[in-house]
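> Pasting the sequence and the predicted model now:
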Amino acid sequence: MKTRSPFVALALASVMALPAGPAWAEPTTAGPVEPQHLRVMTRNIYLGADLTPALTVQDTPALLAAVSMIYAQVRATDFAVRAEGLADEIQRERPDLLGLQEVVTWTTTGPGAGPSQDFLAVLRQALARRGLHYTVAATSPGSDIGPMPLTAPCASATIGACTLRLRDSDVLLVNDRTPGLHWSAPSHGVYQARLTVPLPGGAPPVQLVHGWASIEAKHHGVSFRFVTTHLETQRFPQIQKAQVTEFLAGPAAGPGTVIAVGDFNSAADGSTTDTYQLLTGRFRDAWTTGPGYTCCQNPGLDNPASQAASRIDLVLLGGAASPRDARVVGADPFRATAPRYTSDHAGVAATIDWRRPAK
């Protein structure tokens, strides 16, 4: 879930008019990829708000106020607008395989509560408008929280007349038009290690569920597994370490080639947790030079200059996979007004070469 806050409970993405005119900052288009090379990408697309206000509440009125504050921020960071920028990024990078995190569905009920929104459906529509064809190959269901009372906006003064439900997932997309790429055996799982967050007023505690999604694939005769995941935040290092242990013993295990992408929430410089060191004991990092910062922008996505100062979104390679190049995607503003960024994270796109055994 969100790297700034582990409490994934309450927010709603609104559908607003899409901006007209050119993008605010047009990144350089990725160079052409030869058919024998594979292009992969990881992207945390951001649930839309900083949920910290909901972490410190001690009573129900404070929780309801926090919900309204979070909801207002999600409206301001409008995913319908951000999805257009994300689709432009994907169009420029043309990944063959794409791992997405924080792919949420917000479901509302009640008078004046506003529309529900499915982030995956909105993004896929934006991709289709650009003539891009990606199949949802695997999905890992995560936290499912609510329905919770939503007091603003709501046309009724009765608490509970309007509600909000959050469902989070990680999603693996495959480019239908990649020559020589075949896939099968979609799989997913959730980590037994998870954070439990108490709620005031005697409400049942919330469990924050993280997991992984994978496929088995073959690219021009080379077999490999592609997996995406999202680990708990660095604020809870013991839970994160337990999750990465499950990851390494589960979908990342085995003697074959594995490509793992995701938001691992562990700074590559070792300044937060030792999860990155555990991962690179099994994998090679596709990023080889420069800071490569991917996290994080202001929660309102309104900062003029990037505030990213850590590298926690990774493309990791094992077995026959070898990095040819890698670049950060979405670190700069894509338009002049908020939301300026497509996500609070930047993504990473990498070109993979294959280490073929000598004949």
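Thanks, I have the structure now.

> check contacts around Pro205.
Thr196, Val197, Pro198, Leu199 (C-beta atoms under 8 Å, 6 or more residues apart in numbering). (Glycine included, C-beta is placed from N, CA and C.)

> Secondary structure element holding the last one?
When secondary structure is defined by DSSP states H and E, Leu199 falls outside every helix and strand.

> What is the lengthiest strand in the chain packed up against?
Longest strand in the chain by number of residues (criterion: DSSP state E): strand 134-149. In this structure, strand 134-149 makes packing contacts with helix 60-76, strand 105-109, helix 119-129, strand 163-175, strand 181-190, strand 206-208, strand 211-219, strand 222-230, judged by 3 or more C-beta pairs under 8 Å, 6 or more residues apart in numbering; DSSP states H and E.

> If we use 7 Å, what do you get?
In this structure, strand 134-149 makes packing contacts with strand 163-175, strand 181-190, strand 211-219, judged by 3 or more C-beta pairs under 7 Å, 6 or more residues apart in numbering; DSSP states H and E.

> Ala321 against Val315, yeah?
No. Taking contacts as C-beta atoms under 7 Å, Ala321 lies outside contact range of Val315: 9.5 Å.

> and the lowest-mean-pLDDT helix or strand in the chain, which residues are buried?
Every helix and strand of the chain was ranked by mean pLDDT, DSSP states H and E. The lowest is helix 60-76, at a mean of 86. Taking 16 or more other C-beta atoms under 10 Å as the basis for neighbour counts, the residues of helix 60-76 that come out buried are Leu63, Leu64, Ala66, Val67, Ser68, Met69, Ile70, Tyr71, Gln73, Val74, Arg75, Ala76.

> what's the spacing between the first one and Ile159?
With distances defined as C-beta to C-beta, to the nearest Å, the gap from Leu63 to Ile159 amounts to 11 Å.

> How many residues are close by the nearest residue to Cys296 once chain neighbours are set aside?
Among residues not flanking Cys296 along the chain, Asp344 sits closest, at 4.8 Å (C-beta to C-beta, 6 or more residues apart in numbering). Asp344 is flanked by 28 other residues according to other C-beta atoms under 10 Å.

> Quick one: residues contacting Asp344.
Tyr46, Cys296, Gln297, Pro299, Leu301 (C-beta atoms under 7 Å, 6 or more residues apart in numbering).

> I'd like to know how many residues surround the first one.
By the other C-beta under 10 Å criterion, the neighbourhood of Tyr46 contains 27 residues.

> what does Ser271 give?
Neighbour count of Ser271, defined by other C-beta under 10 Å: 11.

> Name the SS class of it, please.
State at Ser271, reduced to three classes by DSSP: H, G, I helix; E, B strand; the rest coil: coil.

> Over to it: give its phi and psi.
Backbone torsions of Ser271, given as degrees, to the nearest 10, read phi -80, psi -10.

> For the longest strand of the chain, buried residues please.
Burial within strand 134-149, assessed by neighbour count using 16+ other C-beta under 10 Å, is assigned to Tyr134, Ala137, Ala138, Thr139, Ser140, Gly142, Ser143, Ile145, Gly146, Met148, Pro149.
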